[in-house]
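# okay, here's the prediction I keep looking at, along with the sequence it came from:
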Amino acid sequence: MITVLDPGFEADAERLVLAPRPGLLRGATVGIVSNGKAGTKPFFAHLGRILRDEWGVAEVVVRTKANYSAPAETELLDEAVRWAVVFTGVGD
C-alpha cells in the first residue's frame with residue numbers, strides 16, 4: 001500500500017485512487033514525459049533503451065512539456081491515456 005500525503009487543505013478532498021498496474025510491458029506503448037531540462041535527455045534515452053531491450057516494449061513515446069514548471073498540457077494528457085504506463089521526472 002502506498003500512502004500519498006497532500007500538503008494542501010481541502011475540507012471535502014476526495015480520496016486518491018491509484019490506477020491499476022499493468023501485468024506486463026511486453027508489446028506495450030510506454031510514454032515518457034520530460035520537463036525539458038537538459039538532465040532528462042540522457043536519463044530518459046537510457047530508460048527508453050532498457051524498456052525496449054529488456055522489457056520488450058513495442059514503442060516508447062517521448063514528449064516534452066512546454067513549460068517545465070507547469071502541469072502538462074491538455075493535448076499531452078489526451079495522448080497519454082493511450083499509453084500503458086507513463087514515466088516522468090525532472091532534470092535538475
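Good, I have the coordinates. Residues are numbered from 1 along each chain as shown.
# just the C-alpha atoms of stretch 69-79, please, in CSV.
Output of stretch 69-79 as CSV, limited to C-alpha atoms (Å, rounded to 0.1, in the frame of the first residue of the first chain):
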residue,chain,number,x,y,z
SER,A,69,7.2,24.3,-14.0
ALA,A,70,3.6,24.0,-15.2
PRO,A,71,1.3,20.9,-15.4
ALA,A,72,1.3,19.0,-18.7
GLU,A,73,-0.8,20.4,-21.5
THR,A,74,-4.3,19.0,-22.2
GLU,A,75,-3.2,17.7,-25.6
LEU,A,76,-0.3,15.8,-23.9
LEU,A,77,-2.7,14.3,-21.3
ASP,A,78,-5.1,13.3,-24.0
GLU,A,79,-2.4,11.4,-25.8
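# can you give me the buried ones in that stretch?
72, 76 (16 or more other Cβ atoms under 10 Å). To be clear about C-beta, it is placed using only N, CA and C from the backbone, and glycine gets the same treatment.
# just how off-centre is that stretch within its chain?
11 Å (Cα atoms, centre = their mean, to the nearest Å).
# quick one: mean pLDDT over that stretch.
Stretch 69-79 shows a mean pLDDT of 92.
# can I get the least confident helix or strand in the chain by mean pLDDT in PDB, CA atoms only?
Least confident element among the helices and strands of the chain, by mean pLDDT, DSSP states H and E: strand 85-89 (a mean of 91). The C-alpha coordinates for strand 85-89 follow below in PDB (Å, rounded to 0.1, in the frame of the first residue of the first chain):
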ATOM      1  CA  VAL A  85       2.400   3.500 -18.400                       C
ATOM      2  CA  VAL A  86       4.000   6.900 -18.200                       C
ATOM      3  CA  PHE A  87       7.400   7.800 -16.700                       C
ATOM      4  CA  THR A  88       8.100  11.400 -15.800                       C
ATOM      5  CA  GLY A  89      10.800  13.300 -14.000                       C
END
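# show residues contacting that strand.
22, 25, 28, 30-35, 40, 43-44, 47, 80 (Cβ atoms under 8 Å, 6 or more residues apart in numbering).
# max pairwise distance over the residues you listed: which two?
Taking Cβ to Cβ as the measure, the contacts of strand 85-89 span a maximum distance of 24.1 Å, between P22 and N35.
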